[in-house]
Structure formats: structure tokens, C-alpha cells
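Novice: no FASTA, just this:
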């Protein structure tokens, strides 16, 4: 097996209903009963050790959603305290950022009895100096940057995400004053894989063919420079839930942001939801298995770089 070919399967666990385009507690129950068991079963079949990032909200609401991954040997990371757009990390003052990070960390550590050192911001929204807060809150790893990803205008926080364009592609220790630059701070950044298009579960479902092309190009890059794969997905992509309404909730004040971040994004994201997404994901795992990649966690990769 090729020692330096790494694939990280990273999973954001929250109460977002993709079908209903809003946060709701009932979706958290679907994640517990359907999404997590389907993902965990698939990972077990392929010998995958993954990292699961949980919001403090879903961890409090359904602690078993954390325990079931922890009991299988997967890494538990923080996905912040809430996935509310109005509480996005990059718009919160430092004091509230620190409170969110510390509180979510404690919730998860109380459930698992183990230290939580990995973090991913909800919607991958961070600001340049966020590594200072991560360090103060006791984290060692972040995975919120998506180097050279170009679809940020379909999401919120797009102006700050322009920093992704020039961020390093391989995992790196950040600068103390800039999470988007290589430096000598104690925070280790593991970028979410992208090459123009993102290599994530959403894009995989929307366009499996383009996703495979993106993966192929990323694979050639890995052969050239050893860059790790970091595939992002969500257990709520693999649930078959009920539709409450056809109305699309408006989360943005700006009308253009509403059209791009709410209406268009929602219409794209509902394709291939539920159990039918599992065989699509399985093809990705088969690729990495056939190419002799090692499935490791964020913590595992960090320990190889210390």
C-alpha cells in the first residue's frame, strides 16, 4: 500500500433539512435513525476511519448521534455551536466566537470522554484571524478552508471565501494572523478538496460525472505532489425525510444573495438525496480503495506532521 496517499472522509453533522431548506429538530432525528447508520455501515464495509464534525446543537439534542460514530472508532470534531446563518462564525465578535467554540467542545467531550481537537466552521465561514480563537479555545486542527474552490458565490460569506483562491493546497500550519496562509502557528489547516469545482457530497449528487472528472484531476495532482484528499459530506444528504412545504425560506436580506444562496442553491442541492446517494458515494470509496489510499482522520494526519 502506498504510504503517503491519504483520503480523509469528513462529515458535517447538523439539523439542516436540505429538502425543506431550513434547520429543524425533526431532521436531526432522521440523521440519527437513517443518515448516520447508512454512512457508518458503508464506512465499515470499506474500512474507513472518518472525522465527524458535530454542531453543539445536534449533540445536545441527540447525544447518541455522537456516541454511535465514536463507538466505531471515528474521530469526533466540532462544527460550532449552531448552524444558524445569523450566528455564522465570520460575523460574530471574538468573544462570542470563543464562547461558541469552547461550549461546543465541552458538549462533545462530555459525551465522548475524549479531547476534541478538530474544528470545521458551519458553512466553512471563517475570517483571517480565526486561528487565534481556535488556539485559545484549545483546538489544534481546522478544516474550513477550501483551496481554489470557485463556487463561493452560491453560498453565504462569499467575500471572505475569496481568500480560498490563493490558499495552499496541501495541509499546512497557518500564520498566526492569517488562517489562509502558511506559517508557524500551532493551528494545522486541512483544506477541503477542490479544483474550481468542490469535491464534496453536494456536488457528487448534483453531477456525478463532473465530480468524477474533478476527482480524476485531483488524483493526478496527488500523484505529483502527495496532496491529501479531503472529501466533505453530510449525513443529512443520505436521509429520506418528509417535505413540509414547497416554499423556500429566505435567509438572506440581499435579493441577489437570496436568489443565489437560497433559491438556486436549494434547487441544485435536492438532487439524488436519500438512500439513492449511498451507491454514488460508494463509487468514490471504491476508487480510493482500488488506488490504495489510506482512509485516515484529521487527527491522524495532524500527528504525521507534528
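Specialist: Received it, and whenever you're ready, just let me know what you need. Computed from a prediction, not measured in an experiment: that's the story for all the values here.
Novice: can you map out the helices along the stretch 51-200 of the chain?
Specialist: Assigned by DSSP state H, counting those that start in this stretch, the stretch 51-200 of the chain shows helices spanning 56-61, 64-70, 94-112, 130-137, 158-161.
Novice: of all those, which lies closest to residue 31?
Specialist: Smallest distance to residue 31 across the helices of the stretch 51-200 of the chain (CB to CB): 6.2 Å, for helix 64-70. For every residue, glycine as well, the C-beta is placed using N, CA and C.
Novice: Kindly list the single helix or strand of this protein that scores lowest on mean pLDDT.
Specialist: Of all regular secondary-structure elements in the chain, judged by mean pLDDT, DSSP states H and E, the least confident is helix 255-257 with a mean of 49.
Novice: ok so, going back, turn the helices of the stretch 51-200 of the chain into a markdown table, columns for mean neighbour count.
Specialist: Output for the helices of the stretch 51-200 of the chain, formatted as a markdown table (neighbours: other CB atoms under 10 Å):
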| stretch | mean neighbour count |
| --- | --- |
| helix 56-61 | 21 |
| helix 64-70 | 19 |
| helix 94-112 | 18 |
| helix 130-137 | 21 |
| helix 158-161 | 18 |
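Novice: Format these as CSV; extra columns: distance to residue 289 and mean pLDDT.
Specialist: Output for the helices of the stretch 51-200 of the chain, formatted as CSV (distance: least, CB to CB, whole Å; pLDDT from 0 to 100):
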stretch, distance to residue 289, mean pLDDT
helix 56-61, 30, 98
helix 64-70, 21, 98
helix 94-112, 28, 98
helix 130-137, 33, 97
helix 158-161, 32, 73
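Novice: tally of neighbours for the nearest residue in space to residue 210 that is not next to it in sequence?
Specialist: Spatial nearest neighbour of residue 210, chain neighbours left out: residue 197 (6.3 Å); criterion: CB to CB, 6 or more residues apart in numbering. Under the neighbour criterion other CB atoms under 10 Å, residue 197 is assigned a count of 21.
Novice: ok now do residue 197, which residues does it touch?
Specialist: Going by CB atoms under 8 Å, 6 or more residues apart in numbering, residue 197 touches 149, 150, 151, 203, 210, 211, 214.
Novice: Tell me the most packed of these, by neighbour count.
Specialist: Each of these was scored for neighbours by other CB under 10 Å, and residue 149 scores highest at 24 neighbours.
Novice: Can you name the residues bridging to the nearest residue to that residue once chain neighbours are set aside?
Specialist: With CB to CB, 6+ apart as the criterion, residue 149 has its nearest non-adjacent residue at 3.5 Å, and that residue is residue 194. For residue 194, the beta-bridge partners are residue 198 (DSSP bridges).
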